[in-house]
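**Q** here you go, sequence then predicted model.
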Amino acid sequence: MSLILHKAHSRGHANHGWLNSHHSFSFASYHNPERVHFGVLRVLNDDWIAGGEGFGKHPHDNMEIITIPLTGALEHQDSMGNKEVLHAGEVQAMSAGTGIHHSEYNAKADEPCTLLQIWIFPEKRNVTPQYAQKYYDVEAVQREWHAVVNPVGKGEGLEIHQQAWFSLSRIPAGTKRDYDVKRAENGVYFFVIEGAIKLDDQPLEARDAAGVMGSSRYAIEANEDAFVLAMDIPLQLPQMG
């Protein structure tokens with residue numbers, strides 16, 4: 001097994017008052033040439049947004065964008081005509097494709113919203129933009145690695161244009177829950193949302209992450225009650241011209 005360790009304290013950080021954001025990879029004013037991407041994973045932002053604040057209308061294209069709210073609610077509007085509120089317990093997936101504009105605001109004026117926003121390079125360019133959100137199965141997350149995002153036609157989660165699976169799991173302290181890689185060519189980027197785990201022999205605490213490759217199964221043991229995101233993704237960037 002080969003492992004790349006990203007400790008929580010080593011991430012990029014930007015505090016704008018209304019937005020407090022930690023960047024696992026180079027983003028905006030944070031640039032680290034050793035942290036540009038892990039395979040097709042380009043952005044992993046851990047955001048805190050003050051009540052009533054947010055991101056005004058802005059463009060995206062040719063990127064698969066996944067948002068996982070952790071607390072509170074996020075209001076989304078886009079140029080496809082979608083106007084939705086995304087709550088903790090849901091996942092949102094958006095294929096920017098040929099181009100979209102959208103805005104994201106904390107839907108509540110009196111409490112913050114926290115979320116993970118993740119960008120994945122697509123396997124093909126200029127697809128028709130699409131948007132979806134859904135609640136994930138809380139009971140399934142408690143008992144297994146539950147896939148909430150998957151490639152088009154390859155599961156019951158939200159679909160994206162990449163050979164990638166995002167799985168969530170809540171693992172009780174003292175419990176082992178091995179992770180089986182979905183595709184031989186993929187690596188896995190584990191992000192600890194809450195608690196603490198041991199990934200094979202590597203301890204990881206809250207907001208730590210590790211990118212691993214070279215094995216078909218990874219041993220996960222919770223040292224504390226843990227909530228973990230596994231991103232099972234191609235290691236090679238797509239040749240899209």
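**A** Thanks, I have the structure now.
**Q** pairing partners for the strand or helix carrying residue 119, with directions?
**A** Secondary structure from DSSP states H and E places residue 119 in strand 113-120. Strand 113-120 pairs in its sheet with strand 41-49 (antiparallel), strand 64-71 (antiparallel), by DSSP bridges.
**Q** can I get the ones you listed in CSV including distance to residue 226 and mean neighbour count?
**A** Placement of C-beta: from N, CA and C, glycine included. Below are those laid out as CSV (distance: least, C-beta to C-beta, whole Å; neighbours: other C-beta atoms under 10 Å):
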stretch, distance to residue 226, mean neighbour count
strand 41-49, 16, 21
strand 64-71, 14, 21
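**Q** residue 9 belongs to a strand?
**A** No - going by DSSP: H, G, I helix; E, B strand; the rest coil, the assignment for residue 9 is helix, not a strand.
**Q** what about it, neighbour count?
**A** By other C-beta atoms under 10 Å, 10 other residues sit near residue 9.
**Q** give me the distance between it and residue 207.
**A** 9 Å (C-beta to C-beta, to the nearest Å).
**Q** now swap in residue 114 and tell me
**A** To residue 207, residue 114 is 11 Å away according to C-beta to C-beta.
**Q** hey, what's in contact with both of the two?
**A** Contact criterion C-beta atoms under 8 Å, 6 or more residues apart in numbering; residues shared by residue 114 and residue 207: residue 46.
**Q** in this protein, where is pLDDT below threshold?
**A** Within the chain, the segments meeting pLDDT under 70 span 240-241.
**Q** can you pull up the most central residue in it?
**A** residue 118 (4.3 Å; C-alpha atoms, centre = their mean).
**Q** packing partners of the helix or strand residue 142 falls within?
**A** Using DSSP H and E, residue 142 sits within helix 138-143. Packing partners of helix 138-143 (3 or more C-beta pairs under 8 Å, 6 or more residues apart in numbering; DSSP states H and E): strand 165-171.
**Q** quick revisit: not counting its neighbours along the chain, what's nearest the residue nearest to the centre of the chain?
**A** In space, and not counting its chain neighbours, residue 118 is closest to residue 66: 4.5 Å by C-beta to C-beta, 6 or more residues apart in numbering.
**Q** look up how far residue 174 lies from that neighbour.
**A** 30 Å.
**Q** what of residue 208?
**A** Distance of residue 208 to residue 174, computed by C-beta to C-beta: 19 Å.
**Q** so these two - more neighbours on which side?
**A** Neighbour count, other C-beta under 10 Å: between residue 208 and residue 174, residue 208 has more, with 21 against 10.
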